[in-house]
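*Asks:* Build the 3D model from these lines:
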Amino acid sequence: MPIMLKIIEAKRRAVTEALRELQITGPEERYNLEYSTAEELEKITGIKCRFNGTHYWFNSVVRDEGFLQSFVGLSDKILDVGAGNGSLFKKLINLGVSPSQLTGVDISQKAVERCREIGVRTIHGTISEVADNGYDIIFLSYFVDRDADQRGTFEKAVKILRLGGIVVLEGLFPCSLVDSNGISYGTANVTRGDNALEDSALVIDEFKQLDMELRSRLVTKRQVYSMDGPEVLPSCFLFFKKPRRFGD
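*Replies:* As a prediction, this is how the structure comes out:
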């Protein structure tokens, strides 16, 4: 296990064990706990917490500034669906992107609070609540592995993306819509393959039907700390572009 993940685990272990004893009734409740701060969790568990940020922590190539600079422009209008604790927004702001160019969406009210704390407009709900359009880049993060209506999410993302815009999809393939607490997130309507290759192919075919071009694919890993404990998970990035019409 990477040394940083071991350090993260050591600081969160006691409160994680306490949270695992709670009767969690649904995904929003789980994510509200995941995106809570140490101070907030101390009030819930009575356990002194010693970590910064939120209980949930991750590191992947999407947090690498060089990676982001390769395709993000300072004037881009960017949407992050499944914005979580806002760590991607912090990276983008550090690169010089104005918070006014950023929008987040998340089903967790705590996630919404975390993102708004750093000055980013964030919607409580799903991508169906996004009324504006003309986005240059839309990030569809690991939430797609907990999204029962993946098809609807993909269709809406393409609809509100400008011509020439990019969808960056990061997923854990193959995915399961049941977490370690036994909470079901529904049944996936796209990623139903038996392995990473099949699931990736299904997602690529789905976007192809929406007239999106696959520009690149990157297979890597994501380090995660959650209520499931520390994990190093397979991570697949798919980059799609919305073609410009002839003559544009």
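
*Asks:* When you work out contacts or count neighbours from here on, use the C-alpha atoms and nothing else.
*Replies:* Will do.

*Asks:* Next one: residue 199 from residue 205, what distance?
*Replies:* To residue 205, residue 199 is 10 Å away according to C-alpha to C-alpha, to the nearest Å.

*Asks:* neighbour count winner among the two?
*Replies:* residue 199 (20 against 16; other C-alpha atoms under 10 Å).

*Asks:* Roughly how far does that one sit from residue 192?
*Replies:* For residue 199, the distance to residue 192 equals 6 Å [C-alpha to C-alpha].

*Asks:* Leaving out the residues flanking it, which one is nearest to residue 183?
*Replies:* Closest residue in space to residue 183, ignoring its immediate chain neighbours: residue 26 at 6.2 Å, by C-alpha to C-alpha, 6 or more residues apart in numbering.

*Asks:* before we move on, the earlier item: return every residue with contacts to both of residue 199 and residue 192.
*Replies:* Common neighbours of residue 199 and residue 192, using C-alpha atoms under 8 Å, 6 or more residues apart in numbering, are residue 174.

*Asks:* The nearest residue to residue 143 once chain neighbours are set aside - how many residues pack around it?
*Replies:* Among residues not flanking residue 143 along the chain, residue 82 sits closest, at 5.5 Å (C-alpha to C-alpha, 6+ apart). The local packing of residue 82 (other C-alpha under 10 Å) involves 25 other residues.

*Asks:* Which stretches in this structure count as strands?
*Replies:* 57-59, 78-81, 102-106, 121-124, 135-140, 161-171, 213-226, 229-241 (DSSP state E).

*Asks:* Tell me which of these is the most buried.
*Replies:* Among the strands of the chain, ranked by average contacts under mean count of other C-alpha atoms under 10 Å, first place goes to strand 78-81 (a mean of 26).

*Asks:* ok so, going back, any chance of CSV for the strands of the chain, columns mean pLDDT?
*Replies:* Output for the strands of the chain, formatted as CSV (pLDDT from 0 to 100):
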stretch, mean pLDDT
strand 57-59, 95
strand 78-81, 98
strand 102-106, 98
strand 121-124, 98
strand 135-140, 98
strand 161-171, 96
strand 213-226, 95
strand 229-241, 94
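
*Asks:* can you list those strands in a markdown table and add distance to residue 10?
*Replies:* What follows is these, written out as a markdown table (distance: least, C-alpha to C-alpha, whole Å):
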| stretch | distance to residue 10 |
| --- | --- |
| strand 57-59 | 13 |
| strand 78-81 | 30 |
| strand 102-106 | 28 |
| strand 121-124 | 31 |
| strand 135-140 | 30 |
| strand 161-171 | 27 |
| strand 213-226 | 11 |
| strand 229-241 | 10 |
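
*Asks:* now this structure, which segments are flagged as low pLDDT?
*Replies:* Within the chain, the segments meeting pLDDT under 70 span 245-248.

*Asks:* Having no further points to raise, I will conclude here.
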